[in-house]
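K.L.:
below are the sequence and a predicted model; questions follow.
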Amino acid sequence: MIRALVTALLGDPFSIVNTIGLIAFALVGAAKAIREEFDLFGITVVGLSMAFAGGMTRDLLVNRIPLALQSSTEIGLGLFGVGLAVALSAVLPTPDTHPITLVSDAIGLAAFATTGAIVATEAGVSGFGVVAIATINAVGGGALADILLDRSPFILFDDFYASCAVLGGSAYWGAVSVDAAGGTAATACALVTVGTRLAAVTYGWSLPTMQTLQRR
Amino acid sequence: MIRALVTALLGDPFSIVNTIGLIAFALVGAAKAIREEFDLFGITVVGLSMAFAGGMTRDLLVNRIPLALQSSTEIGLGLFGVGLAVALSAVLPTPDTHPITLVSDAIGLAAFATTGAIVATEAGVSGFGVVAIATINAVGGGALADILLDRSPFILFDDFYASCAVLGGSAYWGAVSVDAAGGTAATACALVTVGTRLAAVTYGWSLPTMQTLQRR
Amino acid sequence: MIRALVTALLGDPFSIVNTIGLIAFALVGAAKAIREEFDLFGITVVGLSMAFAGGMTRDLLVNRIPLALQSSTEIGLGLFGVGLAVALSAVLPTPDTHPITLVSDAIGLAAFATTGAIVATEAGVSGFGVVAIATINAVGGGALADILLDRSPFILFDDFYASCAVLGGSAYWGAVSVDAAGGTAATACALVTVGTRLAAVTYGWSLPTMQTLQRR
């Protein structure tokens, strides 16, 4: 585990953000499942689903066998995140709404928007394709976790959550369009996503509906 | 947008029906999201999901990168449909149940049953595969839109809706089996699907359950 | 149908368990849809979805066109299972909770865990990939059927159900790791899955939650 982390942290941008995203989202998914009193198998399934579902959907869309099914490192990172949530739940009263979990969620969102944008750009899809795959990669895991927890995934679209991934993916595409290096584009995507998400949580951002627009 | 429309309308059968289907289903999905008081981002997501989810599932099943992620025209057509719904919502009191929306829905269903049948036939799947992919292409977008709107997708099976796509796909396969030209098969599929759907809406068609059969 | 069955029963391990799984799960899915008073089209869709969704997801994950869309035999076997459920519903008061259906469900679970493990091993994924694909293949159909029936798929994780497929897939991977023949690994996987599932139903097995662990 330690070796995988060190290798990842010394590696290319994709490995670094992918490692961070897997641990962060596995922690968040497992924390939600613990709150809902799932059994240990359920906690593991929801944690791994949240960590892997977005990336697997991304890999399906660009037509390759999901990385998570080919590597043993990835599953280890996911289980490490699940273990962190179990350890946290022993010391914190409400792990799923604790700032550690909220910040982990924002970090996971940013990490997976970035890996999605990187893979999509390599696959040669259109600008819209890059933004769409970045967003699907970022919110896919949370959407599946919510379905497994018997909650509606549409809450993801209810506040300023998926929008952050759209902005991050657009930043990536913008940076690539002006010939920025891959690392610069990845950094821009990650910072825009995590920044807008944390700002949205802090200030309670939301978008207008047609009904509020018409009332004005 | 105009140029894309003109090109499409002068193009091959696939482009024509695909263009019509994208605009029609984006309009229907966005109209439903407006009724549920989604914000502008949610309206766009539900509209684009309804327009693209069926075709993306189809492309995954025949093992190719979804067209919608490679072309910029497609996303433009989807956004045009979303814009139509927003414009309609400003002038109509209940855009989601207005005849314009109901007819758009039937047209989208027919258009995507047809594009599904065309792509499946080109991929060389079995007769059942053609009908299955035509149906999945036709109803997949509506099913995802319903999940995002926190409604059960089983309403697709509750009245005579998916059945119309099954009949249309079967008509396509029947026409291909007797060596009809591609354009003839596509026309047969589109007419059977839209015709049965409009008849089902008009006359309130439904299929029997085991319980009603046993009561007889 | 008879010929397809005979061919399958004389054929390779994959065909045998695939045939058994398709009929068993189509029967279970259709029985559930009959209980919910779905119409005949809905019964067929839920039955075929339960029979085919797991295998189609598996095929997507290993990047090939789903078998079910290429073969006409497969769909015939699925329709045969749906027909069995319709026939059973005419003679049994509650077909969906009858021991025939519960045993069919355990058999289908074991059959699809086995076909999933076989295909995943052939595709050359990691040990975790084999267990994950075996589990997804085994529970994917039931999860989609539950969504179509407007029930939460998470009940699949609530009792000792998916865990049986995890154990079966692990048995397959263990057998392959010690160089057992394909037939031996497949037999081990099927027996472990069906055995643990029937034991779980009989003795009411369940896994602990974090809450029950902390109370101790």
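P.N.:
Alright, I've got the coordinates.
K.L.:
right, and the helix or strand after the lowest-mean-pLDDT helix or strand in chain A?
P.N.:
Ranked by mean pLDDT, DSSP states H and E, the helix or strand of chain A with the weakest confidence is helix A:2-10, at a mean of 52. Note on helix A:2-10: by DSSP states H and E, the next helix or strand toward the C-terminus is helix A:13-35.
K.L.:
just the buried residues of that following helix, please?
P.N.:
For helix A:13-35, the neighbour count (16 or more other Cβ atoms under 10 Å in any protein chain shown) marks A:13-35 as buried. Heads up, the C-betas are built off the backbone N, CA and C, glycines and all.
K.L.:
name the helices or strands packed onto that helix?
P.N.:
helix A:2-10, helix A:40-61, helix A:72-91, helix A:99-123, helix A:127-148, helix A:182-203 (3 or more Cβ pairs under 8 Å, 6 or more residues apart in numbering or on different chains; DSSP states H and E).
K.L.:
got CSV for those, with mean neighbour count and distance to chain C too?
P.N.:
Converted to CSV, these look like this (neighbours: other Cβ atoms under 10 Å in any protein chain shown; distance: least, Cβ to the nearest Cβ, whole Å):
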stretch, mean neighbour count, distance to chain C
helix A:2-10, 12, 14
helix A:40-61, 26, 4
helix A:72-91, 19, 4
helix A:99-123, 24, 14
helix A:127-148, 26, 5
helix A:182-203, 20, 25
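K.L.:
select, out of those helices, the one closest to C:Gly83.
P.N.:
The minimum distance between C:Gly83 and those falls on helix A:127-148, with 31.3 Å, by Cβ to Cβ.
K.L.:
just checking, what packs against that closest one?
P.N.:
Counting contacts by 3+ Cβ pairs under 8 Å, 6+ apart, helix A:127-148 is packed against helix A:13-35, helix A:40-61, helix A:99-123, helix A:162-177, helix B:72-91.
K.L.:
and the residue nearest the centre of chain A?
P.N.:
By Cα atoms, centre = their mean, chain A has its centre lying nearest to A:Leu109, at 3.2 Å.
K.L.:
and it, how close does it get to A:Ala26?
P.N.:
Noted for A:Leu109: a distance of 14 Å to A:Ala26, by Cβ to Cβ, to the nearest Å.
K.L.:
circling back: contacting residues for the residue nearest to the residue nearest to the centre of chain A when sequence neighbours are not counted?
P.N.:
Ranked by Cβ to Cβ, 6 or more residues apart in numbering or on different chains and with sequence neighbours excluded, the top spatial neighbour of A:Leu109 is A:Ala138, at 5.1 Å. Neighbouring residues of A:Ala138 by Cβ atoms under 8 Å, 6 or more residues apart in numbering or on different chains: A:54, A:109-110, A:112-113, A:116, A:162, A:165, A:168, A:193.
K.L.:
what does A:Val28 give?
P.N.:
A:Val28 neighbours (Cβ under 8 Å, 6+ apart): A:50, A:85, A:96, A:101, A:104-105, A:108, A:142, A:145.
K.L.:
any idea which of those residues is least confident?
P.N.:
pLDDT across the contacts of A:Val28 is at its lowest for A:Asp96, which sits at 74.
K.L.:
hmm, it is touching A:Ala30, no?
P.N.:
No: A:Asp96 is beyond contact range of A:Ala30, at 9.3 Å (criterion: Cβ atoms under 8 Å).
K.L.:
common neighbours of the two, please.
P.N.:
Counting by Cβ under 8 Å, 6+ apart, nothing touches both A:Asp96 and A:Ala30.
K.L.:
now the end-to-end length of stretch A:90-99.
P.N.:
Stretch A:90-99 has an end-to-end distance of 16 Å (Cα to Cα, to the nearest Å).
K.L.:
can you list contacts of it?
P.N.:
A:28, A:31-32, A:34-35, A:85, A:88-89, A:100-101, C:214.
K.L.:
return the member of those residues nearest to chain B.
P.N.:
Using Cβ to the nearest Cβ, the shortest approach to chain B within the contacts of stretch A:90-99 belongs to A:Lys32, at 17.9 Å.
K.L.:
correct me, but the closest one touches A:Ala145?
P.N.:
Yes: using Cβ under 8 Å, A:Lys32 makes contact with A:Ala145 at a distance of 6.3 Å.
K.L.:
A:Ile100 - nearest residue in space that isn't next to it in sequence?
P.N.:
A:Leu88 (6.8 Å).
K.L.:
my read: that neighbour touches A:Ala31, true?
P.N.:
Yes: shown here, A:Leu88 and A:Ala31 form a contact pair, counting by Cβ under 8 Å, at 6.8 Å.
K.L.:
can you check which residues contact both of those two?
P.N.:
Contacts common to A:Leu88 and A:Ala31, judged by Cβ under 8 Å, 6+ apart, are A:95, A:98, A:101.
K.L.:
now those residues in CSV, with distance to B:Leu79?
P.N.:
Listed next are those as CSV, based on distance: Cβ to Cβ, whole Å:
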residue, distance to B:Leu79
A:Pro95, 40
A:His98, 39
A:Thr101, 35
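K.L.:
roughly how far does the residue nearest to A:Ile100 sit from A:Glu36?
P.N.:
For A:Leu88, the distance to A:Glu36 (Cβ to Cβ) stands at 16 Å.
K.L.:
try A:Arg64
P.N.:
Distance of A:Arg64 to A:Glu36, given as Cβ to Cβ: 33 Å.
K.L.:
what sits against A:Leu191?
P.N.:
By Cβ under 8 Å, 6+ apart, the neighbours of A:Leu191 are A:Ala110.
K.L.:
pLDDT at it, what is it?
P.N.:
We have a pLDDT of 96 for A:Leu191.
K.L.:
same deal with A:Val62?
P.N.:
For A:Val62, the model assigns a pLDDT of 91.
K.L.:
list the contacts for the closest residue to it other than its chain neighbours?
P.N.:
Excluding its sequence neighbours, the residue lying closest to A:Val62 (Cβ to Cβ, 6+ apart) is A:Ala123, at 3.9 Å. A:Ala123 sits next to A:62-63, A:129, B:65 when contact means Cβ under 8 Å, 6+ apart.
K.L.:
hmm, which two among these are most spread apart?
P.N.:
Across the contacts of A:Ala123 (Cβ to Cβ), the longest gap, 12.4 Å, separates A:Asn63 and A:Gly129.
K.L.:
A:Val45 and C:Ala162 touch, don't they?
P.N.:
Yes: here A:Val45 lies in contact with C:Ala162, judged by Cβ under 8 Å, at a distance of 7.0 Å.
K.L.:
so what's the gap between stretch A:60-77 and the chain middle?
P.N.:
Between the centre of stretch A:60-77 and the centre of its chain there are 15 Å (Cα atoms, centre = their mean, to the nearest Å).
K.L.:
go on, stretch A:49-61?
P.N.:
Its chain's C-alpha centre and that of stretch A:49-61 lie 10 Å apart, by Cα atoms, centre = their mean.
K.L.:
residue contacts, A:Tyr161?
P.N.:
A:Tyr161 is in contact with A:109, A:139, A:142, A:197, A:200, counting by Cβ under 8 Å, 6+ apart.
K.L.:
can you pull the contacts of the closest residue to A:Ser104 other than its chain neighbours?
P.N.:
The shortest distance from A:Ser104 to any non-neighbouring residue, by Cβ to Cβ, 6+ apart, is to A:Ala24 (4.3 Å). A:Ala24 sits next to A:81, A:104-105, A:107-108, A:111 when contact means Cβ under 8 Å, 6+ apart.
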